[in-house]
Each structure stands twice: as C-alpha cells, then as structure tokens.
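Student: please find the sequence and the predicted model below.
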Amino acid sequence: VDKPVTPDPAAVFSVVDAGGRPVFGYELPALRATITPLALSATGVAVASKVYDGSTAASLASLGSVTPLAGDLVAVGGTVLASFADRNVGVGKPVVATGFELTGPDAGNYTLVPPTGLVADITPRALPVTGLVALGKVYDATAAATLSGTAAVSPLAGDAVVLAGAAVASFADRNVGVAKPVAVGGLVLAGADAGTYTLQAPAGLAADITPAVLAVSGLSAANKVYDATPAATLAGVATLAPALGTDTGALAGVASGSFADKNVGVAKPVQLGGLTLTGADAGNYTLAAPGLVASITPAPLPVAGLVAVSKVYDGGTLAALSGTPTVAPLGTDAVTLAGVATGSFADRNAGLLKPVAVSGLTLAGADAGNYRLVLPTTLVADITPRALSVSGLAALSRVYDGGTLAALTGTATVAPLGGDAVALAGAAVGSFADKNVGAAKPVAVAGLSLTGADAGNYTLQAPAGLSADITPAPLPVTG
C-alpha cells in the first residue's frame with residue numbers, strides 16, 4: 001500500500017496548466033500507488049470419506065493446488081480443520097474446511113479464496129456381534145445350528161444402539177463335516193443411533209456335524225474263550241433301521257464284530273464292522289448294532305514239564321516233583337509262572353500209581369488275567385510200603401538134635417512211624433538154615449505178621465543178624 005513509484009526515464013510526459021497551456025521547467029512530484037494481492041482459487045481440494053466414528057471431524061484427502069502467475073512459487077498449506085455439519089451417516093455431506101494458507105516465496109502477493117462445495121460421505125460403521133459360540137451336533141438331516149452365549153454389540157461411547165431379534169444359526173449345508181462355517185442371522189440393530197451402523201454377523205464361527213448312528217438290528221454276539229485277539233463272532237441277519245427324513249441307504253458287505261480289546265471280561269461291548277452303508281446320504285451316518293455284548297472267558301493254560309517221584313511210605317502226603325514247570329501262552333502274550341510247585345498224594349497210604357495233585361503255582365505277567373491256570377491232573381507215583389524191622393529177639397544155641405528148629409528168647413517188637421496203628425501178630429519161630437553143627441549159624445525168624453489200621457503201609461522185616469551155635473551131640477558107644 002502507498003508504494004513509491006519511479007518514473008521511467010524513457011517516458012514522455014506532457015504537463016499543462018489549468019487553462020490547458022503547456023508548462024515548462026516543471027519538477028515531477030513524488031509518486032505513490034498501491035499493489036493489491038491477486039486472488040487465487042485452490043483446485044483439486046478433496047475431503048476423504050470416513051466410516052462413522054461418532055464425531056463431525058473430517059480429514060482432507062488433498063489440499064489442492066493453485067496456479068500463480070508465471071514464475072511465482074506459491075502452494076497451498078496451512079493447518080486445515082475440516083468438519084461435517086453433523087456426525088450422522090450420509091452421502092455427499094457438506095464439509096466446511098478452514099485454516100488454508102498460501103506458502104512459498106511469492107505467497108505474499110496472493111490471497112487464497114477459501115474452497116467451497118466440499119463434500120464427502122460418512123458410511124455406516126460395521127458393528128460386529130460378539131459373545132456367541134456355535135455348538136457341534138449329530139447329523140439330523142437339517143442345516144440348523146445351535147448357538148450358546150449371549151449376543152452383544154459394542155457401539156461407540158454414548159451411542160444408543162442395541163440388538164433386537166433372536167439369533168438364528170445355520171451351516172452352509174446339512175452334511176457331516178469338521179469345523180464347518182456357521183452363519184448367523186435373525187439379529188437387527190435398534191436404537192436412536194442404529195442407522196449409523198451396519199450389523200456384522202459373527203465371523204469365524206464353526207462347528208462339527210458328526211455322523212448320526214444308524215442302528216443295525218438282528219445280530220447277536222457270541223461269548224468266546226480268550227484267544228489273544230479282539231475278534232468277535234456274530235450270528236443273525238443284519239437289518240437296517242430307517243434313515244432320517246428323506247435320506248436313503250442300504251447295507252453292503254458282511255457283518256463282523258470286534259471287542260474293544262482282547263482281554264477277558266464279562267458283557268464286553270462288541271463293535272460292528274464289515275458292513276457299509278450305500279446311498280447318496282451314506283456319508284452322514286455310522287453303522288452300529290446297539291446292545292451287542294459278549295464275554296471273553298479265560299483260556300485254560302496247562303502246566304507242563306513236571307513228573308511225580310515215587311517214595312517209600314513216610315506217613316505224609318507230600319509228593320516230590322522233578323522237572324521245570326512251564327506254560328505256553330498264546331502268541332506274544334506275557335505270562336509266566338510264579339511260586340513253587342508242590343505235589344501231594346490224595347492220602348498217605350501205600351499204593352501203586354497214586355494220583356498226585358500239584359499246587360503252589362500262579363500266573364504272573366501283563367496278560368495273566370486272560371488265562372486260567374490248569375495244573376497237571378495226570379501225574380501219578382507210587383508209595384511203596386516201609387520196611388518195619390522186628391527187634392527184641394535173640395537166638396539160643398543148642399546141641400545138635402537132627403532138626404533145624406532154633407529156640408528164641410526175648411519179646412518181638414516193631415516201631416512204626418509216630419501215630420501209626422501197627423502191631424505184631426503170631427508167634428515167632430526160629431530156624432537154622434540146616435541141621436548141621438556149626439558156630440554162629442544164621443537163624444531165620446518166621447511166624448510173625450503185622451496187624452492194625454496202618455499195617456498195609458509196612459512190610460515186616462525179620463530180625464537180621466540173629467545167629468546161634470549147634471554143638472555136636474554126644475554119641476555114646478554101647479555094646
């Protein structure tokens with residue numbers, strides 16, 4: 001403003017007075033004038049649309065540009081504040097922006113015309129539903145899904161938004177599958193600020209549809225003796241129960257059964273195998289024969305390798321055994337013998353080929369419970385009578401009398417095992433082997449026998465070592 005002006009020396013000036021007559025010899029006055037800024041309009045100013053955030057704040061996508069006079073350096077800058085007229089969702093909403101400034105070396109020669117007609121959109125804010133979990137189900141021929149939990153939304157602070165309606169869930173299809181996506185519907189937003197949001201169904205919900213059991217009837221499982229396998233024998237004719245809804249199916253294959261394990265047990269569940277379901281909906285079912293049970297009883301496991309040893313009567317039933325007891329379990333079963341084998345006769349009395357029972361052994365090992373120990377039943381041995389010596393007698397020497405009779409002195413006795421009822425019967429009679437004279441001639445004893453309840457367990461043994469002399473008889477000479 002009021003800037004000095006310097007005349008151009010090359011200019012030609014004509015000065016006249018009030019009457020229009022030329023004036024010469026004048027002096028130019030001091031000239032002054034004003035240069036006003038040139039107005040520039042910004043072009044290309046753009047406001048960024050935004051997702052509803054509960055405020056009127058707006059942001060610029062571009063500050064735009066200006067076109068100064070040739071050679072001038074001017075740009076648009078400043079700290080710009082932009083705002084919508086209100087915070088609500090809308091399309092092409094007016095935006096007021098302030099704070100635009102011109103920058104650059106020549107900015108002072110210009111004024112910026114504030115941009116007008118700025119508009120932008122406020123789009124609804126996605127409001128996700130939380131708090132729900134999809135539950136797995138057994139195939140039921142529908143795509144319906146069940147939810148647990150309570151549906152909730154979290155609008156911006158101060159906004160009046162609630163959920164209305166009831167959550168309804170469904171799988172993409174009705175078929176069996178793992179981690180199948182579950183869609184949720186039935187919910188809507190309500191409240192004064194509901195229009196500023198779009199409801200976002202729960203993301204990532206998934207659940208399983210497991211096969212339905214299609215019952216097979218008409219079969220029964222047979223009990224078996226343990227055989228180290230889980231195989232079960234089935235009887236009867238398999239019949240298929242109706243499928244769900246309009247599903248169709250038929251049986252193929254041959255029914256087989258199996259226990260859950262090979263071990264002994266009572267009323268063990270038997271699983272059905274061997275049969276398959278055919279038809280368009282077969283993949284949605286598993287076959288089962290409810291109630292199939294059977295027992296696995298222990299397998300007999302005989303003990304081998306033992307022999308009973310005969311003995312002389314000793315008043316007891318104990319029988320000696322020889323050999324090493326062994327068992328032969330099935331396959332790779334871990335079964336061993338524990339304990340010490342002990343043999344015993346049924347009674348203590350003497351006899352031939354008397355049965356010997358074995359005890360004292362048990363089964364051990366991981367698979368012992370699947371077996372029943374069978375002890376040897378064919379072992380036999382003899383109990384031979386015990387020799388019972390006669391004592392208490394002595395033989396008397398005599399003069400030759402032409403006979404073999406030997407006189408005895410003393411009382412004959414026997415000593416059976418403690419508690420046995422055995423006694424001597426008869427009268428002891430002694431005899432030399434021949435009638436001839438001799439010194440310390442052996443004397444045999446006869447005439448005695450054993451009697452009593454336990455006599456059969458003994459054999460009478462005549463006194464050993466009895467001897468006496470037969471001295472010559474005097475033979476007188478006559479005549």
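Tutor: Arrived safely, thanks for sending. Numbering: from 1, shown residues only.
Student: where along the protein do the helices fall?
Tutor: Secondary structure of the chain (DSSP state H): no helices located.
Student: just want the most central residue of it.
Tutor: Residue closest to the mean C-alpha point of the chain, counted by CA atoms, centre = their mean, is Ala260 at 13.6 Å.
Student: and that one, what's its pLDDT?
Tutor: You'll see Ala260 listed with a pLDDT of 96.
Student: leaving out the residues flanking it, which one is nearest to it?
Tutor: Leaving aside its sequence neighbours, Ala260 sits nearest to Pro269 (CB to CB, 6 or more residues apart in numbering; 6.3 Å). Any C-beta I mention is one placed from the backbone N, CA and C, and that applies to glycine too.
Student: before we move on, what about Asn175?
Tutor: Once flanking residues are discounted, Asn175 sits nearest to Asn284: 5.9 Å by CB to CB, 6+ apart.
Student: quick revisit: contacting residues around the residue nearest to Ala260?
Tutor: The neighbourhood of Pro269, defined by CB atoms under 8 Å, 6 or more residues apart in numbering, consists of 259-260, 292-293.
Student: ok, Gly253 next?
Tutor: 274-276.
Student: any idea which of those residues is closest to Val309?
Tutor: Gly274 (54.3 Å; CB to CB).
Student: what bridges to the spatially closest residue to the closest one that is not a sequence neighbour?
Tutor: Spatially, and ignoring its direct neighbours in sequence, Gly274 is nearest to Ser256 (3.6 Å; CB to CB, 6+ apart). Beta bridges link Ser256 to Gly273, judged by DSSP bridges.
Student: please look at Gly369 and Gly265 and confirm they touch.
Tutor: No - using CB atoms under 8 Å, Gly369 is not in contact with Gly265, being 9.4 Å away.
Student: and those two? Which one has more around it.
Tutor: Gly265 (18 against 14; other CB atoms under 10 Å).
Student: surely the more buried one meets Ile296?
Tutor: Yes - at 5.7 Å, Gly265 counts as touching Ile296 under the criterion of CB under 8 Å.
Student: what do those two both touch?
Tutor: Joint contacts of Gly265 and Ile296 (CB under 8 Å, 6+ apart) are Phe259.
Student: mind listing what Ala157 touches?
Tutor: Contact analysis of Ala157 by CB under 8 Å, 6+ apart lists Gly54.
Student: partner residues bridging the closest residue to Pro211 other than its chain neighbours?
Tutor: Leaving aside its sequence neighbours, Pro211 sits nearest to Thr286 (CB to CB, 6+ apart; 4.4 Å). Assessed by DSSP bridges, Thr286 has beta-bridge partners Val213.
Student: number of nearby residues for Thr286?
Tutor: As a burial measure, Thr286 scores 15 neighbours (other CB under 10 Å).
Student: isn't it right next to Ala215, touching?
Tutor: No - in this structure, Thr286 is not within contact of Ala215 by CB under 8 Å, at 10.5 Å.
Student: if we can go back for a sec, columns distance to Leu396 on top of the contacts of Pro269, output as TSV?
Tutor: Below are those laid out as TSV (distance: CB to CB, whole Å):
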residue	distance to Leu396
Phe259	87
Ala260	90
Leu292	93
Val293	89
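Student: of the residues you listed, buried ones?
Tutor: For these, a burial check counting by 16 or more other CB atoms under 10 Å picks out 259, 292.
Student: now, which of the contacts of Pro269 lie within strands?
Tutor: By the criterion of DSSP state E, membership of those in strands covers 259, 293.
Student: closest to Asp314 among the contacts of Pro269?
Tutor: Phe259 (51.3 Å).
Student: gap between the closest one and Thr111?
Tutor: Here the criterion is CB to CB, to the nearest Å. By it, Phe259 lies 97 Å from Thr111.
Student: cool, and Thr150?
Tutor: Noted for Thr150: a distance of 60 Å to Thr111, by CB to CB.
Student: what of Asp140?
Tutor: Distance of Asp140 to Thr111, given as CB to CB: 76 Å.
Student: could you do Leu375 as well?
Tutor: Separation of Leu375 from Thr111 (CB to CB): 121 Å.
Student: the two: who's more crowded?
Tutor: For Leu375 versus Thr111, neighbours defined as other CB under 10 Å are more numerous around Leu375 (15 against 12).
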